[in-house]
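Colleague: quick check, what structure comes out for this input:
(one chain, ligands or ions: 1)
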Amino acid sequence: MSTTDLSKQHNDPTFNSLWEELNWRGLVQVSTDAQSIEDALEAGPITYYCGFDPTAASLHLGHLVQLLLLRRLQLGGHNPIGLVGGSTGLIGDPRQTSERVLNSRETVAEWVELLREQVQRFLSFEGENAARMVNNLDWTSQMSAIDFLRDVGKNFRVGTMIKKDIVAKRLNSDEGISYTEFSYQILQGMDFLNLYREYDCVLQTGGSDQWGNLTSGTELVRKVEGAAVHAIGTPLITNSDGTKFGKSEGNAIWLNPELTSPYAFYQFWLNTADADVVDRLKVFTFRTREEIEELGRLTETEPYRREAQKALAYEVNTLVHGEDATRKAIAASAAVFGKGQFSELDEETLGMIAAELPHAEVDADQTSIVDLLVATGLSESKSAARRTLKEGGVSVNNHKVSGEDATLDPDDLLHGRFVLLRRGKKNLAAVTVV
Ligand SMILES: N[C@@H](Cc1ccc(O)cc1)C(=O)O
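Modeller: Numbers count the residues shown, from 1 in each chain. A predicted model of the protein is given here:
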């Protein structure tokens, strides 16, 4: 990922407080005492943290809500701590469904480093409230089992632990829950205590599904230190039509451009439903209330212009992949929708497009358009392909071709290997010549 210029973002000065803005953006689903949090945020810089577990080689869209919340609080003058879960990643936060498979220590350590880089991009490490990165393996790897049970475990009541939402669900499932995953909440609680002691950290943020773990920390700090610390749980993002947010054809949308290309990422946001786009702008961009309300009005009066979706896709893509990648993604989208030239795109961008389309690999001597229409699946048969060609419904790189025996020109091979074939207005496929 490239570096984003974070200095361009700011909180909206029209709100009475940062807390009010977070609520307007719909970022607070659940929290410890709201008034105390608002007061603490107003009283002066506080230190807060959010943790990320290495369960994969990249963070995904669910994490982006947290990354941007970290950023919003830092823009408000507060001191962020980004935590990577070098130890918690070895244990596994219980999921509702089933026990996790343990990953090797090497894999977890590798992923920790990849995540650390991703988290860092959303924080500023300069100025008075410079961010800090920590790894919870640093305060757990040397701890003995005896110390853990005597010093930490004594503060946890099993009765309380089994009432936590996800633990309760797992306990009542056929599969049950291992002692390992059951202990997870103690580790996360210990993190908060440690960060409270070390850095005076008084707020933890996370998804609302983290509520059990968040309160494990606030309760531990209260018990051991007699201090009131806070937690904010953000809502799970849902699509208004009931489909799952953050997936494209069942696949997760990753922040790593090698796992989800900036082009696919841009498309994902561009496809946001009218009914959801205002909510997404609130959560995933730094647009002001006024700007978002205006985009909401445009969505109502002129939905076909998709101004809100374009603003959303532009901004989120820029936040995650940088301005240059976004410009290329926009040019690529224009070409895909027949409003721009494929020949103007660079090789990498064409590769991203090809990866998202029906696709055929052919030899250099296979130049018959009829054959290519069939190979890519754009036409069901050679006779169907001939018919479409005769009707003038086929284009190569957005240029109409005609004649049943049309063939590819060497010039048609973009960057020596890509051809974009279109049938009708909407059906696009890629051919790579190997
Ligand atoms: N449990 C969090 C990650 C986390 C780990 C350690 C912490 O101290 C905080 C958060 C999650 O799965 O998303």
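Colleague: where does the stretch 101-250 of the chain come near the ligand, residue by residue?
Modeller: Residues of the stretch 101-250 of the chain lying close to the ligand by CB under 6 Å from any ligand atom are 136, 188, 191, 210, 213. C-beta here means a position set from N, CA and C on the backbone, and glycine is covered the same way.
Colleague: repeat the analysis, applying 8 Å as the threshold.
Modeller: 136, 184, 187-188, 191-192, 195, 204, 206-207, 210, 213, 217 (CB under 8 Å from any ligand atom).
Colleague: ok, and the most crowded of those residues?
Modeller: Q204 (31 neighbours; other CB atoms under 10 Å).
Colleague: is that residue in a helix, a strand, or coil?
Modeller: strand (DSSP: H, G, I helix; E, B strand; the rest coil).
Colleague: that one contacts V221, doesn't it?
Modeller: No. Using CB atoms under 8 Å, Q204 is not in contact with V221, being 9.8 Å away.
Colleague: between these two, what contacts are shared?
Modeller: 192, 229 (CB atoms under 8 Å, 6 or more residues apart in numbering).
Colleague: what's the neighbour count on E294?
Modeller: 15.
Colleague: oh, that last question was meant for T288, not what I typed.
Modeller: Count around T288 with other CB under 10 Å applied: 16.
Colleague: now the protein against the ligand: closest residue?
Modeller: G51 (2.3 Å; CB to the nearest ligand atom).
Colleague: A helix includes that residue, no?
Modeller: No. Assigned with three-state DSSP, G51 falls outside any helix and is strand.
Colleague: next, find the distance separating it from K425.
Modeller: Separation of G51 from K425 (CB to CB, to the nearest Å) stands at 47 Å.
Colleague: who's more crowded, these two?
Modeller: For G51 versus K425, the count of surrounding residues by other CB under 10 Å is larger for G51: 28 against 10.
Colleague: please name the bridge partners of that one.
Modeller: L83 (DSSP bridges).
Colleague: the helix or strand that contains G233 packs against which elements?
Modeller: Assessed by DSSP states H and E, G233 sits inside strand 230-234. The contact analysis (3 or more CB pairs under 8 Å, 6 or more residues apart in numbering; DSSP states H and E) places strand 230-234 against strand 30-31, helix 34-43, helix 61-75, strand 201-207, helix 211-225.
Colleague: which of the ones you listed sits most buried?
Modeller: strand 201-207 (a mean of 24; mean count of other CB atoms under 10 Å).
Colleague: now do that one, average pLDDT.
Modeller: For strand 201-207, mean pLDDT is 98.
Colleague: so how far is it from its chain's centroid?
Modeller: Relative to its chain's centre, strand 201-207 lies at 19 Å (CA atoms, centre = their mean, to the nearest Å).
Colleague: just the CA trace of it, in PDB.
Modeller: Output of strand 201-207 as PDB, limited to C-alpha atoms (Å, rounded to 0.1, in the frame of the first residue of the first chain):
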ATOM      1  CA  CYS A 201      -4.400   4.300  28.400                       C
ATOM      2  CA  VAL A 202      -8.100   4.800  29.400                       C
ATOM      3  CA  LEU A 203     -10.100   3.900  26.300                       C
ATOM      4  CA  GLN A 204     -10.300   0.800  24.100                       C
ATOM      5  CA  THR A 205     -12.300   0.700  20.900                       C
ATOM      6  CA  GLY A 206     -13.400  -2.400  18.900                       C
ATOM      7  CA  GLY A 207     -16.300  -3.900  17.100                       C
END
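Colleague: got the angle for it vs helix 61-75?
Modeller: Counting by axes from the mean of the first three to the mean of the last three CA atoms, to 10 degrees, strand 201-207 lies at 150 degrees to helix 61-75.
Colleague: residue ranges of the strands in the stretch 301-434 of the chain, please?
Modeller: Taking DSSP state E, counting those that start in this stretch as the test, the strands found in the stretch 301-434 of the chain are 359-362, 394-396, 399-401, 418-423, 427-433.
Colleague: direction included, what does the longest one pair against?
Modeller: Sheet pairing of strand 427-433 (DSSP bridges) gives strand 359-362 (parallel), strand 418-423 (antiparallel).
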